[in-house]
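Visitor: Sequence and computational prediction follow.
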Amino acid sequence: MTQTIVDIRDLYVQYRTFDGQAKVLNGVNLTVKKGEKVSIVGETACGKTTTVKSILRILAPQASIPRGEILFNGSDVLKMGYSELNKLRSSGASMIFQDPTMSLNPVFTIGEQMEAVIRYSGQSGVEQKSVRHELAVKALEETAMPDPERILQSYPFQLSGGMRQRVCIALSLATPRDLVIADEPTTNLDVTIQDQVLKILKQRVEAKGCSLILITHSFGVARETTDRIYVMYAGNMVETAPTQELFREPLHPYSRALMSCIPRLSGGGMAEGIPGRLSNYHNPPKGCRFAPRCPEAMPRCHEEKPESIDVGREHQVACFLYDKDGGK
Amino acid sequence: MILTWLKRLGTYLFVLLGLSVLIFIISRVAPGDPARIALGPRAPESVVQALREKMNLDKPYVVQYFLWLNDAIRLDLGDSLQSRRPVIEDIKEYLPATLEIVIIAGIWMIAWGLLLGILAAKFTGTWLDGVIRVFSYLGVVAPAFVWSIILMLVFAYVIPVFPSSGRISLGMAPPPRVTGMYTIDYLLAGNFAGFKDAFVHLILPAIGLTFGGIAQSARITRGTMVENSRKDYILAERAYGIPERKMLFKYLLKPSLIPTVSVTSLDIASIFGGAFLVEQLYNYPGLARYGMQAVLNKDLNAIAGVAMVLGCVFMIVNIIIDIIVARLDPRVRMLGGEN
């Protein structure tokens, strides 16, 4: 049995706002095994980033976690003290942010920033500057960066977006990790280099044998990069399945609707889109959060929250359509 | 890079030239006859006329300006009507005294402004943040002379720990003149008692001048740090397990310092402005008090001299601030501030 790196169980996260508590995460379940590449697909503001930020406990100060567990290598992140948490952050998991123009400190050189991260990674020998420098150069070389020495002396504003994102990838894998989290790493890049950056990310993660959580709103990106897909809607994981299986047979009405939004090269005009809007987090629907937009909603869907049901190997769906009791 | 600095220097010189025109116009347009004021109401008209000619007041304004500028460049600012000495001699005597106060005030202001700003940012939303906020509003609302009076009442009268007037105690001999700053000159002469005496005379007036600046730097530092602490790069650094203390004092502070440092030049200007009343209050023989008396007595040469010196000092402060900002911000340094 393969080792489980991350196991999120029934996680609830809410944000304090002027209008009261926004109940964003509504019982999220997610597991990532060692070496597995998993993606979370969903619309903007469905809670993807909140889910992964809670793994590193870097949520905004207004956020609170009333319920749930996040097990990282078996120990609960939410119960960790400062030093344990710092160990998780410095050598357990690392995160690549969406906007590479914002995720590097503008007044320090790339070298200063990489060496700081390496310095606190808990690896042996990193007290020496020469070791840190070597590791930084190696990490940049591995992400196919030309002239690493020059990059290390540059400030972020001197590099292009694609280069900065590659620096971020190098940073996240400069020292050994169990997990890399990439939050829409290519959304803010030019289309021409999105693919290149994605390939480098995938190749590095595979070479280091670590696990990957990739957040994206593009099924295409998810399909190319990851082994398994989580479909997220309004703070719930509505369906998860191995990539091929999900594309062959999406079960949840939301997954099916999302799939039909992908424009096809084989004609048929523009995709349709999903009617309705993402639900309001301050006053979310009582039952299934997708019910108000769901073409197949039953009376029960408006009353009860559907739990995840196993429908195949590694394939789970949270929908009453697949409940043995049916839609009573 | 060098070109950028040369350009900037050119701008400063141009501003200084503009300032000189402005000062000249104001001093000549203001009502009252300087020669008459100098000699008093009973002087015979012929004598007054002779002085007018000596001061070039009978010539056209443009000619007067260039005559004045020509002398000013050679540091000949004319004679003061009050002291009957060359203005430059008065400035040499009074400027170091004011600089002493302003330097101490500047250091005090930057230290407390940063400290309070960092504390307020670190403890955002707590009672400490609230206390610093209230203090900041008070610091901005009450002008320097109000603080000076309060300080004087408390620390020179109720609890008499600091002297309330002059540069040194009665009966002390001034140090041999080197820089004109008594604290430094006493130190150079090896007179530590004298240094201490001169230093305690500086404390109250210097601190009285800083409340507004402290308040402003603290607010700006706090605001920038709180704003930057939500940025992705800070989240990323936190997510990499960099210790909080290192984050606060290095990775968060450095990018957050830029706005604070930029407004410091304004704060130092306001310290000079406040000094006009505060030196008067502490009977401190500095340039600001000299300038104030010059204004009251319509001592044109002295007014022009003081204004030009303050202008130059302010330019130098600005250059220093620009250099610090360039040190802090690579974008300014490498793109020449165009971005």
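Guide: Happy to help now that I have it.

Visitor: Quick check: residues of the stretch 151-300 of chain B near chain A?
Guide: Among all residues of the stretch 151-300 of chain B, those adjacent to chain A (criterion: CB under 8 Å from any CB of the partner chain) are B:230-243, B:246, B:251, B:254-255, B:258. Yep, even glycine has a C-beta here, placed from its N, CA and C like the rest.

Visitor: what does the model give A:Gly267 for pLDDT?
Guide: pLDDT recorded at A:Gly267 is 54.

Visitor: if we can go back for a sec, give me the subset of the residues of the stretch 151-300 of chain B next to chain A lying in helices.
Guide: B:Asp232, B:Tyr233, B:Ile234, B:Leu235, B:Ala236, B:Glu237, B:Arg238, B:Ala239, B:Lys246, B:Lys254, B:Pro255, B:Ile258 (DSSP state H).

Visitor: pLDDT at the second one, what is it?
Guide: What the model reports for B:Tyr233 is a pLDDT of 92.

Visitor: quick one: contacts for it?
Guide: B:Tyr233 makes contacts with A:Met102, A:Ser103, A:Leu104, A:Asn105, A:Pro106, B:Tyr251, as judged by CB atoms under 8 Å, 6 or more residues apart in numbering or on different chains.

Visitor: between those, which is nearest A:Thr143?
Guide: A:Leu104 (14.2 Å; CB to CB).

Visitor: burial count for the closest one?
Guide: Residues near A:Leu104, counting by other CB atoms under 10 Å in any protein chain shown, number 25.

Visitor: check which helix or strand covers A:Arg16.
Guide: A:Arg16 is located in strand A:4-17, with elements delineated by DSSP states H and E.

Visitor: Quick one: list the elements packing against the helix or strand that comes right after that strand.
Guide: Remark: after strand A:4-17, the chain's next helix or strand is strand A:20-33, criterion DSSP H and E. Packing partners of strand A:20-33 (3 or more CB pairs under 8 Å, 6 or more residues apart in numbering or on different chains; DSSP states H and E): strand A:4-17, strand A:37-41, helix A:48-56, strand A:63-72, strand A:211-216, strand A:236-242.

Visitor: CSV for the ones you listed, including mean pLDDT and mean neighbour count?
Guide: What follows is the helices and strands packed on strand A:20-33, written out as CSV (pLDDT from 0 to 100; neighbours: other CB atoms under 10 Å in any protein chain shown):
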stretch, mean pLDDT, mean neighbour count
strand A:4-17, 92, 18
strand A:37-41, 94, 24
helix A:48-56, 93, 23
strand A:63-72, 92, 16
strand A:211-216, 94, 25
strand A:236-242, 93, 24
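
Visitor: Can you tell me the centre-most residue of chain A?
Guide: If you average the C-alpha coordinates of chain A and look for the closest C-alpha using CA atoms, centre = their mean, you land on A:Ile215, 3.6 Å from that point.

Visitor: In this structure that one contacts A:Glu43, no?
Guide: No - counting by CB atoms under 8 Å, no contact exists between A:Ile215 and A:Glu43, whose distance comes to 11.9 Å.

Visitor: for chain B, what are the nearby residues on the stretch 151-300 of chain A?
Guide: With CB under 8 Å from any CB as the criterion, the stretch 151-300 of chain A comes near chain B at residues A:Tyr155, A:Phe157, A:Gln158, A:Cys168, A:Leu171.

Visitor: Where do the strands of the stretch 101-250 of chain A begin and end?
Guide: A:179-183, A:211-216, A:228-233, A:236-242 (DSSP state E, counting those that start in this stretch).

Visitor: State the number of residues packed around residue 150.
Guide: Using chain A here. Summarising burial for A:Arg150: neighbours were counted as other CB under 10 Å, giving 12.

Visitor: actually chain B
Guide: The number of residues packed near B:Ile150 is 13, by other CB under 10 Å.

Visitor: gap between the residue lying closest to A:Gly68 once chain neighbours are set aside and chain B?
Guide: If the residues on either side of it in the chain are set aside, A:Gly68 comes closest to A:Leu11, at 3.4 Å by CB to CB, 6 or more residues apart in numbering or on different chains. Here the distance between A:Leu11 and chain B works out to 18 Å (CB to the nearest CB, to the nearest Å).
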